[in-house]
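Novice: please find the sequence and the predicted model below.
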Amino acid sequence: MNTVRVLVGTRKGAFVLTSDAKRARWNISGPYFGGWEIYHLKGSPADPQRLYASQSSGWFGQQIQRSNDGGQTWEPVGNKFVYDGVPGTHQWYDGTPHPWEFKRVWHLEPSLTDPDTIYAGVEDAALFHSTDGGQTWQEFPELRGAQGHLWQPGAGGMCLHTVVLDPSHPERIFIAISAAGTFRTDDAGKTWRPMNRGLRSEGIPNPHAEVGHCVHRIAMHPSRPHVLFMQKHWDVMRSSNAGESWHEVSGNLPTDFGFPIEVHAHEPDTIYVVPITSDSEHYPPEGKLRVYRSRTGGNEWEALTQGLPQRDCYVNVLRDAMAVDALDPCGLYFGTTGGQVYGSADAGDSWAPIVRDLPPVLSVEVQTLP
């Protein structure tokens with residue numbers, strides 16, 4: 001029987017939630033790294049026991065942690081990634097004498113085929129990779145050539161927060177930066193191009209500019225990698241040509257502002273978002289926590305509310321805080337800034353809290369184990 005492992009990163013440590021295929025009863029372990037911010041916690045698709053965690057602290061800077069036994073034990077790796085002997089310093093430059101500031105690792109994306117290869121998106125925006133399990137890291141400096149001088153920080157900072165690997169094209173990587181947009185490489189990082197045609201953003205000098213858009217997250221179904229979905233700072237978008245152009249699919253959503261977007265494990269046209277009121281009011285419209293599902297790849301949306309609080313709820317769901325499992329029916333999970341983690345074992349039709357009263361949840365990832 002399958003095991004489901006939900007990896008939760010919070011403001012004050014990491015938690016691992018495990019259940020069998022019924023997903024009715026859960027074992028909660030943690031906190032790991034209690035008191036530390038865990039911005040992202042993710043497992044390797046190539047080795048289910050290999051986990052990586054982005055651990056940070058205002059006192060001690062940034063650290064990558066690695067587990068080889070499914071989270072039972074951990075070891076720090078990659079000190080030179082951020083330290084060079086001094087906590088909080090960095091080692092890369094943008095081609096000028098002045099270094100870009102290093103603040104944190106926002107997102108970790110392990111290779112689809114090699115447990116020792118992993119990508120890291122950081123703030124200020126840059127992309128690194130390691131081929132030795134996180135011990136050493138190298139930047140992709142060519143990314144700065146994609147009009148890096150025009151990138152600006154979003155409200156959360158200038159962060160490279162999304163990395164999507166194309167399973168059909170090993171040298172193709174998509175990344176998203178706030179506030180710069182989406183970018184793609186087709187040659188394993190040697191060159192990069194902006195992928196923002198069709199995006200429109202009010203509040204910048206040219207609303208249709210090639211770069212400068214605040215993209216919150218992008219998602220892909222592995223069976224159809226040329227189709228991408230995007231939750232933008234206002235607007236839910238879709239691309240049917242690997243990011244070459246985008247069109248809006250917000251349809252009948254109550255608001256098209258939000259952070260996460262996910263795709264059903266077995267239905268490439270079924271997508272999920274969690275709308276919030278606005279860019280200044282980061283809570284659900286009318287205080288009702290609702291996940292919205294489209295079975296048509298956008299435009300037509302239905303509210304999923306069964307088991308979710310429908311009054312006086314003012315939490316947010318952050319960009320990396322939603323994930324799906326690979327079981328059938330597909331399971332869906334999300335965490336909130338109020339410390340709740342909700343799960344659905346029926347593709348969102350009904351929900352139940354797995355755990356309450358955690359620290360604010362920053363990320364949720366899922367592994368489906370044999």
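Specialist: Thanks, I have the structure now.
Novice: list the contacts of residue 172.
Specialist: 165, 166, 184, 185, 186, 225, 242 (C-beta atoms under 8 Å, 6 or more residues apart in numbering). Any C-beta I mention is one placed from the backbone N, CA and C, and that applies to glycine too.
Novice: quick one: contacts for the second one?
Specialist: With contacts defined as C-beta under 8 Å, 6+ apart, residue 166 is in contact with 172, 173, 174, 220, 225, 242.
Novice: how about the strands of the stretch 51-200 of the chain, start to end?
Specialist: Listed in chain order, the strands found in the stretch 51-200 of the chain under DSSP state E, counting those that start in this stretch are 61-67, 75-77, 104-110, 118-123, 126-130, 138-139, 159-165, 173-178, 181-185, 193-194.
Novice: quick one: closest of those to residue 29.
Specialist: Closest to residue 29 of the strands of the stretch 51-200 of the chain is strand 61-67 (C-beta to C-beta; 11.8 Å).
Novice: does anything pack onto the closest one? Which helices or strands?
Specialist: Here strand 61-67 touches strand 47-57, strand 75-77, helix 79-82, strand 104-110, going by 3 or more C-beta pairs under 8 Å, 6 or more residues apart in numbering; DSSP states H and E.
Novice: deepest of these, which one?
Specialist: Most buried of those, by mean neighbour count (mean count of other C-beta atoms under 10 Å): strand 104-110, with a mean of 25.
Novice: what's in contact with that one?
Specialist: 37, 39-46, 50, 52-54, 56, 62, 64, 82, 117-123, 159-165, 320.
Novice: ok, now with 7 Å
Specialist: Residues from elsewhere that reach strand 104-110, judged by C-beta atoms under 7 Å, 6 or more residues apart in numbering: 39-40, 42, 44-45, 52, 54, 56, 62, 64, 118-123, 159-163, 165, 320.
Novice: report the contact partners of residue 18.
Specialist: So, once contact is read as C-beta under 7 Å, 6+ apart, residue 18 ends up touching 3, 4, 5, 26, 27.
Novice: same question for residue 350.
Specialist: Taking C-beta under 7 Å, 6+ apart, one finds 306, 307, 344 in contact with residue 350.
Novice: checking residue 286 next. Helix, strand or coil?
Specialist: At residue 286, secondary structure determined by DSSP: H, G, I helix; E, B strand; the rest coil is helix.
Novice: how about low-confidence regions in the chain?
Specialist: Low-confidence segments of the chain (pLDDT under 70): 79-101.
Novice: residues near residue 274, how many?
Specialist: By the criterion of other C-beta atoms under 10 Å, residue 274 has 24 neighbours.
Novice: ramachandran angles for it?
Specialist: phi -130, psi 100 (degrees, to the nearest 10).
Novice: ok, residue 283 next?
Specialist: Torsion angles, degrees, to the nearest 10, at residue 283: phi -150, psi 160.
Novice: repeat for residue 6
Specialist: phi -100, psi 120.
Novice: how about CSV for the contacts of residue 350, with neighbour count added?
Specialist: What follows is these, written out as CSV (neighbours: other C-beta atoms under 10 Å):
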residue, neighbour count
306, 13
307, 15
344, 24
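Novice: could the residues you listed be laid out in a markdown table, adding secondary structure?
Specialist: As requested, these are exported to a markdown table (three-state DSSP):
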| residue | secondary structure |
| --- | --- |
| 306 | coil |
| 307 | coil |
| 344 | strand |
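Novice: which of the contacts of residue 166 has the largest number of neighbours?
Specialist: Of the contacts of residue 166, with other C-beta under 10 Å as the count, residue 173 tops at 24 neighbours.
Novice: you'd agree that residue is up against residue 165?
Specialist: Yes - contact status for residue 173 versus residue 165: in contact at 6.0 Å, counting by C-beta atoms under 7 Å.
Novice: still on that earlier bit, looking at the helices and strands packed on strand 61-67, which is closest to residue 196?
Specialist: strand 104-110 (19.2 Å).
Novice: look up the closest residue to the residue nearest the centre of the chain, ignoring the ones flanking it.
Specialist: The chain has residue 320 as the residue nearest its centroid, 3.3 Å off, counting by C-alpha atoms, centre = their mean. Once flanking residues are discounted, residue 320 sits nearest to residue 363: 4.0 Å by C-beta to C-beta, 6 or more residues apart in numbering.
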